[in-house]
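A.B. asks: any chance you could fold what I've pasted below:
(one chain, ligands or ions: 1)
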Amino acid sequence: MRVDIISLFPEMFDGPFGHSIIKRAKDAELLSIGITNPRDFAFDKHKIVDDYPFGGGAGMVMKPEPLFRAVAYVTEQKSFLRRRIVLLCPGGTALTQDKVKELAAYEQLILLCGHYEGVDERVRTHLVDEVVSIGDYVLTGGELPAMVLTDAVARMLPGVLGSSSSAPHDSFYEGLLEHPQYTRPREFEGLEVPEVLVSGDHAKIDRWRRKQSLKNTLERRPDLLAGRELSKEDAKLLTEIKAERQADVSGS
Ligand code: 4G3
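C.D. replies: Numbers count the residues shown, from 1 in each chain. Down below sits the predicted model:
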């Protein structure tokens, strides 16, 4: 996959993309990332990329021409059949794991990082395929959201994660939160690892983990369970969880 990021602050990406799994994916040529500065496509002598909003008001708006030209540049470099142009903006559709999977299917992603008070509406209507938000909060720019999106997409690409930490085991892959994990030592300052995990009984361990996933989800993200069809086994585990909860509040 090719990811092209259009950003006024290219240096911001050096850290996150130069380490760990993203770096490995690039070294293995599973992923290539290019950063293009729209300022290089501002053809006036002052390299202006923003301007006052028509109609007045506070703040600046990103001008359309440098963004259109920067996108033309990264699309002309190579002709990808399946490409998606995404603007990172607080008003976009939520970046969920399903959205990540969808975006991971493209050959080229072009990520536009907005700044100032936003971008000229013609970018949204005539350049961008979709607007994505990483959450309901406002940041100083679309750079961190572009990094988040790139990281989430990269780890879905075949071969990027080792088989021991594959995406199918993710929380959210199945729409549930994760079960607890433990490693050595078996006892830490009097805190013991649950007996079942050292029992060697793998059917029992799987059942315990599934139950813990359901319990965590019920307690912390009940919305994830609300619209969900339960298998017979999950329904049974949930009944147990609710019974244990009831037992807890009544003090037995
Ligand atoms: C306003 C994305 C601000 C308009 C961008 C871009 C948060 C997110 C910005 C605009 C951002 C997010 C830049 N802040 N929640 N700031 O994904 O087009």
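
A.B. asks: and residue 164, what pLDDT?
C.D. replies: pLDDT, residue 164: 66.

A.B. asks: with the one 4 residues further on instead?
C.D. replies: In the predicted model, residue 168 carries a pLDDT score of 59.

A.B. asks: and residue 43, by the same measure?
C.D. replies: Note for residue 43: predicted pLDDT of 88.

A.B. asks: likewise for the one 5 residues further on?
C.D. replies: With respect to pLDDT, residue 48 has a value of 98.

A.B. asks: before we move on, what about residue 59?
C.D. replies: For residue 59, pLDDT reads 94.

A.B. asks: excluding sequence neighbours, find me the nearest residue to it.
C.D. replies: Nearest residue to residue 59, sequence neighbours excluded (Cβ to Cβ, 6 or more residues apart in numbering): residue 117, at 3.3 Å. From N, CA and C alone the C-beta is placed, and that goes for glycine too.

A.B. asks: tell me, how many residues neighbour the residue in the stretch 101-250 of the chain that the ligand sits nearest to?
C.D. replies: Residue nearest to the ligand within the stretch 101-250 of the chain (Cβ to the nearest ligand atom): residue 114, separated by 2.9 Å. Using other Cβ atoms under 10 Å, residue 114 has 27 other residues around it.

A.B. asks: swap in residue 249?
C.D. replies: The burial count for residue 249: 7, using other Cβ under 10 Å.

A.B. asks: just the pLDDT for it.
C.D. replies: Reading off the model, residue 249 has pLDDT 92.

A.B. asks: quick one: residue 213 is in a helix?
C.D. replies: Yes - counting by DSSP: H, G, I helix; E, B strand; the rest coil, residue 213 is part of a helix.

A.B. asks: neighbours of it, how many?
C.D. replies: Residue 213 - counted by other Cβ under 10 Å - has 19 other residues nearby.

A.B. asks: for it, give me its contacts.
C.D. replies: Contacts of residue 213 were listed using Cβ atoms under 8 Å, 6 or more residues apart in numbering, and they are 171, 176, 177, 178, 179.

A.B. asks: what about it, distance to residue 245?
C.D. replies: As defined by Cβ to Cβ, to the nearest Å, residue 213 lies at a distance of 16 Å from residue 245.

A.B. asks: returning to what we had before: what's the closest of the contacts of residue 213 to residue 234?
C.D. replies: Set against residue 234, the nearest of these by Cβ to Cβ is residue 176 (9.0 Å).

A.B. asks: what sits against the residue nearest to residue 59?
C.D. replies: When contacts are counted by Cβ under 8 Å, 6+ apart, residue 117 touches 53, 57, 58, 59, 60, 61.

A.B. asks: let me know the helix or strand that the nearest residue to the third one once chain neighbours are set aside is in.
C.D. replies: In space, residue 58 comes closest to residue 117 once its chain neighbours are excluded; the distance is 7.2 Å by Cβ to Cβ, 6+ apart. Under DSSP states H and E, no helix or strand contains residue 117.

A.B. asks: residue 245 now?
C.D. replies: Residue 245 is part of helix 232-249 when elements are defined by DSSP H and E.

A.B. asks: which elements pack onto that helix?
C.D. replies: Judged by 3 or more Cβ pairs under 8 Å, 6 or more residues apart in numbering; DSSP states H and E, helix 232-249 is in contact with helix 202-220.
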